[in-house]
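Trainee: coordinates only, no sequence provided:
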């Protein structure tokens, strides 16, 4: 059947299996409380959302993560060994689930967790493209960082730049070729990160691009990337979204993606790209006013999986259930000549 713009709103029941890998790490950030996010999203009904889209949750696994033992204002790479150890464990968990054929939903924690999750996905697939949705490029290294926070280094590490303990998680040093990496929504950048992106010719759709041209440039870039690789991985930093819509993050931002923009991006990727999995990172439950950030995260998961989970779906579900119940009752009467008791 020919696809058109209305095809994006058809409810195609794809189904499949989802493995949830929680990585409750907060060692890569100065923010405390991020480690509670995986359990927070599960408590908010994440598994129910997934099964409502006709996916099975094959496994829910929590990777053991060390707790912070000190607070430091600076340093070249704080908690380096602990983060590398966690990355190795999460790499193994994601690789196993991906080789089993599952869509892998990785829940952070801070963005340093992507070093392990994406490494695992890269090992399981012949050719992996990464869409990094974030206000920050996370392209510093232990030699360029000002803060020493490793959540500002995972993208560089995945492209082979940085400390060997981070770049060599999973074996090979460079997991993702720079030409297979796409940034969307970046706006808060260090000069060293700008140089890194230029030197490696990394594709980037900035917030200024989106303000000037809408999402058309991002969609063209997504199309170009998916044509080059076998599968895609989305690394979704919730601080890419404006704090009006996502207040519960480690680094709330002004001028970030709007609710419509991020849901539209997720919708487009979920309908057009072959996704192997995704990260959701940097949620701070203690800051999440009225659960707005968690609710949006659940909507995004549904969109990335090719479905929808919003107010309209919830509104219509009661009617759908009543309609099905009514039809079953009517069939029973027609067959047996009486009502069920």
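Mentor: Good, I have the coordinates. What you see is a predicted model; the values in this text were computed from it and never measured.
Trainee: report the buried residues of stretch 92-112.
Mentor: Neighbour-count burial for stretch 92-112, with 16 or more other CB atoms under 10 Å as criterion, is recorded at 92-98, 102-112. Bear in mind the C-beta positions are built from the backbone N, C-alpha and C, glycine included.
Trainee: likewise for stretch 238-250?
Mentor: Those would be 238, 239, 240, 241, 242, 243, 245, 246, 247, 248, 249, 250, for stretch 238-250 by 16+ other CB under 10 Å.
Trainee: kindly report the same for stretch 254-264.
Mentor: Neighbour-count burial for stretch 254-264, counted by 16+ other CB under 10 Å, picks out 256, 257, 261, 262, 263, 264.
Trainee: follow-up on the earlier one: out of the buried residues of stretch 92-112, which sit inside strands?
Mentor: Here DSSP state E is the test, and the buried residues of stretch 92-112 give 103, 104, 105, 106, 107, 108 as lying in strands.
Trainee: and the second one, how far from residue 121?
Mentor: Yep, that's residue 104 we're talking about. Using CB to CB, to the nearest Å, one obtains 7 Å as the distance from residue 104 to residue 121.
Trainee: now do the shared contacts for these two.
Mentor: Here residue 104 and residue 121 have 94, 98, 276, 277 as joint contacts, going by CB atoms under 8 Å, 6 or more residues apart in numbering.
Trainee: not counting its neighbours along the chain, what's nearest the second one?
Mentor: Excluding the flanking residues, the one nearest residue 98 by CB to CB, 6 or more residues apart in numbering is residue 124, at 3.5 Å.
Trainee: ok, that neighbour - contacts?
Mentor: Shown in contact with residue 124 (CB under 8 Å, 6+ apart): 94, 95, 98, 99, 276.
Trainee: just the strands in the stretch 51-200 of the chain please.
Mentor: Using DSSP state E, counting those that start in this stretch, the strands of the stretch 51-200 of the chain run over residues 55-62, 103-108, 128-133, 181-186.
Trainee: what residues are up against residue 166?
Mentor: Contacts for residue 166 (CB under 8 Å, 6+ apart) come out as 77, 80, 83, 84, 87, 115, 150, 153, 154, 157.
Trainee: go through the strands of the stretch 51-200 of the chain and name the closest to residue 227.
Mentor: Among those, the nearest to residue 227 by CB to CB is strand 128-133 (9.5 Å).
Trainee: that closest one to strand 181-186, inter-axis angle?
Mentor: For strand 128-133 against strand 181-186, the angle by axes from the mean of the first three to the mean of the last three CA atoms, to 10 degrees is 10 degrees.
Trainee: got a list of what residue 145 touches?
Mentor: 76, 77, 152, 153.
Trainee: residue 178 too?
Mentor: 159, 200, 201, 202.
Trainee: let's go with 10 Å and repeat that
Mentor: Residues near residue 178 by CB atoms under 10 Å, 6 or more residues apart in numbering: 155, 158, 159, 160, 161, 196, 197, 199, 200, 201, 202, 203.
Trainee: ok, the residues you listed vs residue 233, which is closest?
Mentor: Closest approach to residue 233 among the contacts of residue 178 (CB to CB): residue 158, at 10.0 Å.
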